[in-house]
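In: sequence first, predicted model second:
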Amino acid sequence: MQAVTRVSGTAYPWGQKNVDTDVIIPAHWLKTVTREGLGKGAFETVRAQAGNVFDDPRYAGAQILIAGDNFGCGSSREHAAWALADMGIIAVIAPSFSDIFSGNAFKNGIVAVVLPQDAIDRLLVVAQDQPITVDLETMTVTTPYQDRFPFELDAFRRQCLMEGLDEVGLTLARDTQISKYEAGVAEHRPWISGERAHAGIVVEGSGRT
């Protein structure tokens, strides 16, 4: 997972409320077992509408999405986070998120920033022609007009995002401790580790001790 400390640039000023995961990635895209290519299906029904924000050349390549309340509600499909990541989204700013979506976003390196509605309203205006910055070091969202909106983030999630650690990375970071524990198990509990014999233990059927 790529480390995220600061995301700055163009943002999609969408602001739509109650966007469920079926809107983020329709069900017929869920047949795939890979994350690659899901960005093409992201917001498919929205993109079918003329003048939609996602196909507006002013916001091409945006890494930030400004959304409305209750973003990511509906089914628990992780494909929603996969689709956002595949289309280049690194941070989503909204008044609230579905708990399951928020967890899936974190696991896929997407920062879910919660700000009050008045801050969202301001960002929707600024993002129409100015960049937005999300900074995990200062825990703020800022604009070129000196707007500064502080946000909160779970300390563990913040650390993982800034260090680029997903669940696999967290496990590998503890490789030394894990190896030491496994060595202890092999020595003192060989029947658990799969060892066939241990001093003082009779291996059934072998006639050996």
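Out: Received, thanks. Everything numeric in this text was worked out from a predicted model, so none of it was measured.
In: how about the host helix or strand of Leu124 as CSV, C-alpha atoms only?
Out: According to DSSP states H and E, Leu124 maps onto helix 117-126. Output in CSV follows, covering the C-alpha atoms of helix 117-126 (Å, rounded to 0.1, in the frame of the first residue of the first chain):
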residue,chain,number,x,y,z
GLN,A,117,-21.4,20.3,6.4
ASP,A,118,-20.5,24.0,6.4
ALA,A,119,-16.9,23.1,5.7
ILE,A,120,-18.0,20.7,2.9
ASP,A,121,-20.1,23.6,1.4
ARG,A,122,-17.1,25.8,1.4
LEU,A,123,-14.9,23.2,-0.2
LEU,A,124,-17.5,22.5,-2.9
VAL,A,125,-17.2,26.1,-4.0
VAL,A,126,-13.4,26.4,-3.8
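In: for Ser76, give its distance to Trp14.
Out: Separation of Ser76 from Trp14 (Cβ to Cβ, to the nearest Å) stands at 22 Å. Just so you know, the C-beta spots here come from the backbone N, C-alpha and C atoms, and that holds for glycine as well.
In: the two: which is more packed in?
Out: Neighbours per residue, other Cβ atoms under 10 Å: of Ser76 and Trp14, the larger number sits with Trp14, 21 against 14.
In: so how far is Val53 from the more buried one?
Out: Taking Cβ to Cβ, one finds Trp14 at 5 Å from Val53.
In: check Ile110 too.
Out: 18 Å.
In: neighbour count for these two, which is higher?
Out: Ile110 (25 against 21).
In: spit out the contact partners of that one.
Out: Ala81, Leu84, Ala85, Ile89, Ile90, Ala91, Val92 (Cβ atoms under 8 Å, 6 or more residues apart in numbering).
In: next structured bit after the one helix or strand the last one maps to?
Out: What that stands for is Val92. Using DSSP H and E, Val92 maps to strand 91-94. Downstream of strand 91-94, the first helix or strand assigned by DSSP H and E is helix 99-107.
In: toward the C-terminus, what is the element adjacent to that following helix?
Out: Following helix 99-107 toward the C-terminus (DSSP H and E): strand 111-114.
In: which neighbouring elements make contact with that next one?
Out: strand 91-94, helix 99-107 (3 or more Cβ pairs under 8 Å, 6 or more residues apart in numbering; DSSP states H and E).
In: export those as JSON lines, with columns for mean pLDDT, mean neighbour count and distance to Ala67.
Out: Below are the helices and strands packed on strand 111-114 laid out as JSON lines (pLDDT from 0 to 100; neighbours: other Cβ atoms under 10 Å; distance: least, Cβ to Cβ, whole Å):
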{"stretch": "strand 91-94", "mean pLDDT": "98", "mean neighbour count": "26", "distance to Ala67": "4"}
{"stretch": "helix 99-107", "mean pLDDT": "95", "mean neighbour count": "20", "distance to Ala67": "11"}
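In: ok, the residue nearest to Gly41 when sequence neighbours are not counted - contacts?
Out: The shortest distance from Gly41 to any non-neighbouring residue, by Cβ to Cβ, 6 or more residues apart in numbering, is to Trp29 (4.0 Å). Trp29 makes contact with Leu38, Gly41, Glu44, His79, Ala83, according to Cβ under 8 Å, 6+ apart.
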